[in-house]
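A.B. asks: Attaching a predicted model along with its sequence, questions to come.
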Amino acid sequence: MNITVWNEYRHEKENPVVADIYPNGIHHTIAGFLEEAGHMVRTATLDEEQHGLTEEVLANTDVLVWWGHKAHDEVDEDIAEAVKHRVLEGMGLVVLHSAHFSKVFRKLMGTTCDLKWREADDRERMWVVDPAHPITEGIGQYLEIDKEEMYGEHFDIPTPEELIFISWFEGGEVFRSGATFKRGRGKIFYFRPGHETYPTYYNKEVQQVIQNGAKWAQNIGTPTHIYGNADPIENISEK
Ligand code: ZN
């Protein structure tokens, strides 16, 4: 599978706390464990030409993983549209953490994608609520993250097609942390964890879920329909 990991890559350059955790950027950490799992992985970042997402890169990407936070507005409108178009064509999309507010995700959802949040070192316990789903492979009843940013309901997304995880936070909130959507021929997996000041993407179970999510989101050769005016397949008898 050809995976592209896209990262805004700004916090790591501007905040020493984040640089300490992800010295080469969040994208390299994510690309690292996906490569170990046997995939062809490339990375792309906001400040590259065309954000690293040329037509050719998108055309050769089976699954795009997206992390962004403080610079969603700097993502070029045309490139966000091109990514959306590729998802409709069948490219898988894994949307991580604060990318709930990315142009790409909001375009595909059609809602505000807003939520509650708090940075207070909450413990997060994320429960599997769909134990038959392949995205939960290798995970126990729940996974726990010692300290994370809290995301709380209401999360303004369309009703997910499948709800995979629900998080509980120490401060009392809950959140739909793993949810899937289909748009056109494309599959989308939203996965909540990964605030930049915590080492969340080194957590083996979090890595397993992202890996499972990418595998699930890959198009497996489903039909491409032709739209518009259609010639009959059978001879239509005269009435
Ligand atoms: Zn965050």
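C.D. replies: On my side now, so go ahead.
A.B. asks: I'd say Gly152 and Trp168 touch.
C.D. replies: No. Counting by Cβ atoms under 8 Å, Gly152 does not reach Trp168; the two are 10.3 Å apart. (Each C-beta comes from the backbone N, C-alpha and C, glycine too.)
A.B. asks: Common neighbours of those two, please.
C.D. replies: Shared contacts of Gly152 and Trp168 (Cβ atoms under 8 Å, 6 or more residues apart in numbering): Val174.
A.B. asks: if I look at Phe145, how far off is Arg125?
C.D. replies: Rather than Phe, residue 145 is Ile. Ile145 is 8 Å from Arg125, where distance means Cβ to Cβ, to the nearest Å.
A.B. asks: ok, Asp73 - how many residues close by?
C.D. replies: 7 (other Cβ atoms under 10 Å).
A.B. asks: same thing with Glu14?
C.D. replies: Glu14: 9 neighbours (other Cβ under 10 Å).
A.B. asks: For it, what are phi and psi?
C.D. replies: Note on Glu14: its backbone torsions stand at phi -110, psi -20 [degrees, to the nearest 10].
A.B. asks: And Ile145 and Arg125? Which one has more around it.
C.D. replies: Ile145 (23 against 16).
A.B. asks: Is the nearest residue to that one once chain neighbours are set aside within a helix or a strand, and which one?
C.D. replies: Nearest non-adjacent residue to Ile145, counting by Cβ to Cβ, 6 or more residues apart in numbering: Glu124, 4.4 Å away. Glu124 is located in strand 116-128, with elements delineated by DSSP states H and E.
A.B. asks: Quick one: distance of stretch 140-158 to the chain centre.
C.D. replies: Distance of stretch 140-158 from the chain centroid (Cα atoms, centre = their mean, to the nearest Å) equals 14 Å.
A.B. asks: Can I get it in PDB? Just the C-alpha atoms.
C.D. replies: Provided in PDB are the C-alpha atoms of stretch 140-158 (Å, rounded to 0.1, in the frame of the first residue of the first chain):
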ATOM      1  CA  GLY A 140      -8.100  -5.000  24.000                       C
ATOM      2  CA  GLN A 141     -11.500  -3.900  25.500                       C
ATOM      3  CA  TYR A 142     -10.000  -0.400  25.800                       C
ATOM      4  CA  LEU A 143      -6.800   1.400  25.400                       C
ATOM      5  CA  GLU A 144      -5.500   3.900  27.900                       C
ATOM      6  CA  ILE A 145      -3.400   7.000  27.400                       C
ATOM      7  CA  ASP A 146      -1.900   8.400  30.600                       C
ATOM      8  CA  LYS A 147      -2.100  12.100  29.600                       C
ATOM      9  CA  GLU A 148      -3.900  13.700  26.700                       C
ATOM     10  CA  GLU A 149      -5.800  16.700  25.600                       C
ATOM     11  CA  MET A 150      -9.500  16.300  26.300                       C
ATOM     12  CA  TYR A 151     -11.900  16.400  23.400                       C
ATOM     13  CA  GLY A 152     -15.500  16.300  24.500                       C
ATOM     14  CA  GLU A 153     -19.000  16.000  23.000                       C
ATOM     15  CA  HIS A 154     -20.800  17.400  21.300                       C
ATOM     16  CA  PHE A 155     -18.600  16.700  18.300                       C
ATOM     17  CA  ASP A 156     -20.400  18.300  15.400                       C
ATOM     18  CA  ILE A 157     -19.900  15.600  12.700                       C
ATOM     19  CA  PRO A 158     -22.600  13.800  10.700                       C
END
